[in-house]
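In: I would like the atomic coordinates for the input below:
(one chain, ligands or ions: 1)
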Amino acid sequence: MLIKDENGKIDILSLSFDELCEQITALGEKKFRASQIYEWLHVRQVDDFDKMTNLSIQFRGRLREVFCLKSLFIVKRLESAADNTLKYLYRLPDGNHVEAVVMDYNHGTTICISTQVGCKMGCNFCASTIAGFRRDLLPSEMLLEIYTAARDSGRRISGAVLMGIGEPLDNYDNVVCFLGLLSDEKGMNMSLRHVSLSTCGIVPRIRELASLGLGLTLSISLHATNNETRSSIMPINKRYDIDELLDACKYYFAKTGRRISFEYALIDGVNDSRENALELKRLLGGFVCHINIIPVNKIKERSYTSNRKNAQKFRALLEEMGLNATVRRTLGADINAACGQLRREYEI
Ligand code: SAH
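Out: Sure thing, here's the model as predicted:
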């Protein structure tokens, strides 16, 4: 994607390989130079033109005139003593902050990244919304969340979840461009089978994403089993209700064959009753999907509570009803690894 900064310089990390080729040949250089640069950017992931040592000093200087190569500054780095989870607070070039979390699983290392600075969606249990919305992240900035963590941690990051700060489908074009760059075999080459995108339910965008057939996993933040409750905790439900949302999910499954994951943040006295479990059965019974129960994380501004024991009880209820559900493993609990918590502490 062709994006220029305030000085008119092209954001080089947001360019696809073909776009980079066009730009480099327009400078009168051979196409193989674009291949070299693309490899420096997306495979070796260098943060400075001067590190591109197989290019002449003169050409590096020319690149610096035409392009900008951004970097993220690590403001804070927290490592969980319990499970190696790493959390980064990054400063973006314009002074805004976002968070990313690196988690080790048996099958590999996954990073949870932010897609916007803040969020407009207003879910009332979520810390990301409280610190307010500033702007969308660019494709380059989402890639840099990964490249910077990989370089700093020395870990090989093989999966990504778009579950940090922000609503990815409210930043649709940049996110789709980012996914293209991330999975490009000439670049980072991450399989989209190892990528999940989580959304609060922007229905038309779910349908658009389905038609791209990208093969990534869609996670739906459902969190409630009827419209009254869902609208009271998630304003997006007033725009697109549960029926419309589930229709879009069925369309996504029909188009991609990918099993959908439903996130269910369990909140005491709000969505944890037997009746709620029955409603879930009515909504999701027979649909190929997975339900992820998350005991709601406490945030300062709300009195919501839940714990793993309640979550296990609710899971058992769902299982009784033949639904496929697990309680999400808690990682990084000692470092406030849940979304939005660190940025908010830092900015307010
Ligand atoms: N905007 C996207 C992705 C970011 S939030 C979305 O809504 O899906 C990532 C997940 O964390 C979502 O399922 C979100 O609902 C959930 N979440 C937010 N605050 C939470 C909290 N306090 N406790 C548990 N889960 C929370």
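
In: got the contact list for residue 206?
Out: 169, 199, 218, 245, 248, 249, 251, 252 (Cβ atoms under 8 Å, 6 or more residues apart in numbering). Every C-beta, even on glycine, is put in place using the N, C-alpha and C of the backbone.

In: Which helix or strand contains the fifth one?
Out: So that's residue 248. helix 242-256 (DSSP states H and E).

In: Tell me which residues of that helix come out buried.
Out: Neighbour-count burial for helix 242-256, counted by 16 or more other Cβ atoms under 10 Å, picks out 242, 245, 246, 248, 249, 252, 253, 256.

In: Identify the residues contacting it?
Out: Residues outside helix 242-256 that contact it (Cβ under 8 Å, 6+ apart): 201, 203, 206-207, 209-211, 213-215, 218, 220, 222, 224-227, 230, 237, 240, 258-260, 283-284, 287-289.

In: Would you write a ChimeraX line that selects the buried entries of those residues?
Out: The following ChimeraX line selects those of the contacts of helix 242-256 that are buried, judged by 16+ other Cβ under 10 Å:
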select :201,203,206,209,210,214,218,220,222,224,225,226,230,237,240,258,260,283,284,289
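
In: From the contacts of helix 242-256, which land in strands?
Out: The strands, defined by DSSP state E, take in 218, 220, 260, 289 from the contacts of helix 242-256.

In: Of those residues, which is the nearest to residue 9?
Out: For the ones in strands among the contacts of helix 242-256, the minimum distance to residue 9 (Cβ to Cβ) is 35.2 Å, reached by residue 218.

In: strand partners of the strand ranked longest in the chain, parallel vs antiparallel please.
Out: Longest strand in the chain by number of residues (criterion: DSSP E): strand 97-105. If you go by DSSP bridges, strand 97-105 pairs up with strand 86-91 (antiparallel), strand 108-113 (antiparallel).

In: What are the buried residues along the last one?
Out: This points to strand 108-113. Those would be 109, 110, 111, 112, 113, for strand 108-113 by 16+ other Cβ under 10 Å.

In: of those residues, closest to the ligand?
Out: Nearest to the ligand out of the buried residues of strand 108-113 is residue 112 (Cβ to the nearest ligand atom; 8.2 Å).

In: for the ligand, what are the nearby residues on the stretch 51-200 of the chain?
Out: Contacts of the stretch 51-200 of the chain with the ligand, taken as Cβ under 6 Å from any ligand atom, map to 121, 123, 125, 126, 163, 167, 198, 199, 200.

In: for the nearest residue in space to residue 93 that is not next to it in sequence, helix, strand, or coil?
Out: Distance criterion Cβ to Cβ, 6 or more residues apart in numbering; nearest residue to residue 93, sequence neighbours excluded, is residue 70 at 5.2 Å. Classification of residue 70 using DSSP: H, G, I helix; E, B strand; the rest coil returns coil.

In: was I right about residue 70 contacting residue 139?
Out: No - under the criterion of Cβ atoms under 8 Å, residue 70 makes no contact with residue 139, lying 11.1 Å away.

In: Looking at those two, which one has more neighbours?
Out: Taking other Cβ atoms under 10 Å, residue 70 and residue 139 do not tie; residue 139 has more neighbours (25 against 18).

In: Just want the most central residue of the chain.
Out: residue 162 (1.3 Å; Cα atoms, centre = their mean).

In: beta partners of that one?
Out: residue 197.

In: Go through stretch 85-101 and flag the buried ones.
Out: Neighbour counts over stretch 85-101 (16+ other Cβ under 10 Å) mark 85-92, 96-101 as buried.

In: Around the ligand, which positions in the stretch 201-348 of the chain sit nearby?
Out: Residues of the stretch 201-348 of the chain lying near the ligand by Cβ under 6 Å from any ligand atom: 221, 263, 265, 294, 296, 297, 299, 339.

In: Torsion angles phi and psi at residue 270?
Out: Recorded main-chain torsions at residue 270 are phi -110, psi -50, according to degrees, to the nearest 10.

In: same check, this time on residue 75
Out: Dihedral angles (degrees, to the nearest 10) for residue 75: phi -80, psi -40.

In: Distance-wise, check the closest residue to it other than its chain neighbours relative to residue 129.
Out: Excluding the flanking residues, the one nearest residue 75 by Cβ to Cβ, 6+ apart is residue 89, at 4.7 Å. Separation of residue 89 from residue 129 (Cβ to Cβ, to the nearest Å) stands at 18 Å.

In: Would you map the helices across the chain?
Out: Along the chain, counting by DSSP state H, helices occupy 17-26, 31-42, 57-66, 127-130, 139-153, 172-183, 203-212, 227-233, 236-239, 242-256, 274-284, 308-320, 341-347.

In: can I get these in TSV with mean pLDDT and distance to residue 1?
Out: Converted to TSV, those look like this (pLDDT from 0 to 100; distance: least, Cβ to Cβ, whole Å):
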stretch	mean pLDDT	distance to residue 1
helix 17-26	98	8
helix 31-42	98	14
helix 57-66	97	16
helix 127-130	84	24
helix 139-153	98	6
helix 172-183	98	5
helix 203-212	97	15
helix 227-233	97	34
helix 236-239	98	26
helix 242-256	97	23
helix 274-284	96	36
helix 308-320	93	40
helix 341-347	54	25
